[in-house]
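Trainee: sequence plus predicted model, see below.
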Amino acid sequence: MPTATVRLSPSATIGATDKRLFGAFIEHLGRCVYGGIYEPGHPTADERGFRRDVMALVKELAPTIMRYPGGNFVSGYDWEDGVGPVENRPRRLDLAWMSTETNAFGTNEFIDWCRLTGIEPMLAVNLGTRDGDAARRYLEYCNHDGGTALSDLRKQHGWPLPHGVKFWCLGNEMDGPWQMQAKTAQEYGRLATETAKMMKWVDPTIELAACGSSGRNMPTFGAWEDTVLDATFDHVDYISLHTYINNYAGDVPAFLAAADLMDDFIEEVTAIADSVAARRRSPKRIMLSFDEWNVWYRTRRTPADRVKPGWPVAPPILEEAYTMADALAFGGMCISLLNHADRVKVACLAQLVNVIAPIMTETGGEAWRQTIFYPFAQFSHFGRGTVLRADIACPTYDASYYDPRGAQELRFPVTAAYLKLAAVRDEATGGVTIFALNRHLTEPLRLTVDLDGLALKSVRAARQLCDADLTAVNTADDPERIRPGLLSGVTLSGQVLRATLQPASWNMIRLGTAA
Ligand code: AHR
């Protein structure tokens with residue numbers, strides 16, 4: 001049986017997790033909004049049309065910040081279409097997802113939904129088909145107290161108080177040829193700068209994220225960040241990162257190793273941001289907003305999965321059914337985010353409901369948890385605090401991760417330890433939560449953690465997510481086929497924790513300071 005030894009110590013820390021690290025994303029895409037969070041007439045819908053069954057699952061999932069309204073959708077979105085009396089709102093062609101957008105749900109409904117669920121709203125502005133002028137007007141509509149035409153229009157629409165949205169994305173994936181009016185780095189850098197200037201003049205309390213590359217496999221990755229940050233450095237606070245990991249190759253070890261490439265991506269973007277700062281001799285540190293991340297591949301490369309003919313309203317697209325293996329790869333990504341809490345201050349699981357999502361619904365029917373729901377909920381509930389630097393000794397394996405771009409068959413070599421782990425100390429209680437992934441598919445992993453100096457006295461909870469069938473999924477008919485179970489045999493003796501992690505398993509162990 002392979003063994004892994006880990007040393008944790010109270011003085012070796014990575015940093016505190018920001019509350020916004022545990023975010024998610026709602027896009028006007030498929031059935032994420034319509035038939036997802038919003039479905040007037042559904043048996044559980046409230047008077048505004050918000051599905052209460054979905055809200056209950058969202059509360060259990062516990063995302064902290066919610067990005068809206070896109071995604072690719074935002075690059076053609078006229079925010080004015082989504083406010084004011086619903087009966088006057090126009091139907092539009094959405095060129096991002098080849099659908100008809102009814103605009104029955106818009107910014108004010110989104111803000112209401114966020115208030116009801118206790119989630120911070122994050123808005124993206126359209127820097128594809130529109131520009132800084134539309135963005136500053138959108139901000140004025142949302143955040144200005146009153147006494148101007150746009151802020152008074154919001155009041156007239158029924159929202160007397162400003163929305164106070166603090167976090168704004170300057171467009172979405174503007175490097176991607178699939179984007180409406182994609183830009184070169186120079187074009188985007190200038191547009192983002194001019195937009196940011198005006199937006200901060202309207203409301204100096206906001207925080208702004210510039211678009212980074214839409215993936216590490218983009219041909220312009222690196223040069224894009226450098227050029228964009230060179231232009232925007234004095235005006236923005238964050239640079240965005242997006243990653244969707246895949247198992248197109250049917251190579252589970254490589255799939256599970258891919259989260260380590262996410263670590264590389266974060267460290268590379270951090271290095272570029274800091275080199276831009278260094279060229280200016282600036283102490284300012286641009287933080288990272290990982291505002292799209294997930295597993296996504298089955299519904300990604302086939303046009304028929306993404307686009308239904310005939311401009312349908314809310315078609316069932318990108319409805320990825322997540323397997324047990326996907327939950328493991330996903331858990332690895334949660335660990336990568338935690339272990340970079342010093343620089344990744346914002347992260348959004350893409351997306352929330354139906355569309356590559358932890359929560360699935362039937363329109364008019366049930367809602368249930370996908371496999372990836374569980375690692376995220378544990379990450380959000382118990383990942384808050386100070387991340388400890390784990391010193392890990394463990395056998396490794398070599399993999400070749402396949403991440404194609406268009407017709408190009410790209411491969412990325414990666415050497416991964418069988419154990420991937422993050423440990424977070426809750427500053428209020430002194431308790432520590434360990435998240436651990438055993439990437440060995442056939443062997444259990446004997447785990448020993450030296451907790452010297454952390455004064456931990458009890459195992460408060462030990463849970464595992466594993467199944468002999470890595471292809472198992474949760475469905476409407478069998479919604480709890482995959483769910484966490486007890487991890488037995490965890491011991492704490494002196495300051496040494498011992499556990500045996502099942503092959504191909506995601507684990508969470510919570511340690512307390514009371515005996
Ligand atoms: O989340 C699905 C899509 O993935 C988003 O619309 C886009 O930003 C990304 O390419």
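Mentor: Arrived safely, thanks for sending.

Trainee: count of neighbours near whichever residue of the chain sits closest to the ligand?
Mentor: At 2.9 Å from the ligand, Gly71 is the closest residue in the chain, using Cβ to the nearest ligand atom. Glycine gets a C-beta too; all of them are placed from N, C-alpha and C. Using other Cβ atoms under 10 Å, Gly71 has 26 other residues around it.

Trainee: now the one 3 residues further on
Mentor: Using other Cβ under 10 Å, Val74 has 28 neighbouring residues.

Trainee: checking my notes, it in a strand, right?
Mentor: No. Judged by DSSP: H, G, I helix; E, B strand; the rest coil, Val74 forms no part of a strand; its state is helix.

Trainee: from what I see, it and Gly128 are in contact.
Mentor: Yes. Applying Cβ atoms under 8 Å, one finds Val74 in contact with Gly128, separated by 7.4 Å.

Trainee: not including adjacent chain positions, what is the nearest residue to Arg411?
Mentor: Using Cβ to Cβ, 6 or more residues apart in numbering and skipping residues adjacent in sequence, the residue nearest Arg411 is Ser400, 5.0 Å away.

Trainee: list the buried residues of stretch 123-133.
Mentor: Burial within stretch 123-133, assessed by neighbour count using 16 or more other Cβ atoms under 10 Å, is assigned to Leu123, Ala124, Val125, Asn126, Leu127, Gly128, Arg130, Asp131, Gly132.

Trainee: quick check: the fifth one touching Gly171?
Mentor: Yes. The pair formed by Leu127 and Gly171 meets the contact definition of Cβ under 8 Å, at 3.2 Å.

Trainee: which neighbours do these two have in common?
Mentor: Ser75, Tyr188, Leu191, Ala192, Cys211 (Cβ atoms under 8 Å, 6 or more residues apart in numbering).

Trainee: now, which of those lie close to the ligand?
Mentor: Among the shared contacts of Leu127 and Gly171, proximity to the ligand is found for none (Cβ under 6 Å from any ligand atom).

Trainee: SS state for Thr243?
Mentor: Here Thr243 is recorded as strand under three-state DSSP.

Trainee: what's the neighbour count on it?
Mentor: Other residues near Thr243 come to 25 when the count uses other Cβ under 10 Å.

Trainee: Phe265 is in contact with that one, correct?
Mentor: Yes. The pair Thr243 / Phe265 is scored as a contact, 6.3 Å apart, by Cβ under 8 Å.

Trainee: name the residues contacting each of the two.
Mentor: Common neighbours of Thr243 and Phe265, using Cβ under 8 Å, 6+ apart, are Arg216.

Trainee: near the ligand, which residues of the stretch 251-400 of the chain show up?
Mentor: Residues of the stretch 251-400 of the chain lying near the ligand (Cβ under 6 Å from any ligand atom): Glu292, Ala350, Gln351.

Trainee: what about the last one, distance to Ser99?
Mentor: So that's Gln351. Distance, Gln351 to Ser99, by Cβ to Cβ, to the nearest Å: 15 Å.

Trainee: quick revisit: how about the residue of the chain closest to the ligand: what's its closest non-neighbour residue?
Mentor: Take Gly71 and drop its neighbours on the chain: the residue closest to it by Cβ to Cβ, 6+ apart is Glu27, 3.6 Å away.

Trainee: I'd say the one you found and Met66 touch.
Mentor: No. Applying Cβ under 8 Å, one finds Glu27 not in contact with Met66, separated by 10.6 Å.

Trainee: looking at these two, which is more packed in?
Mentor: Legend: neighbour count by other Cβ under 10 Å for Glu27 and Met66, higher for Glu27 (26 against 23).
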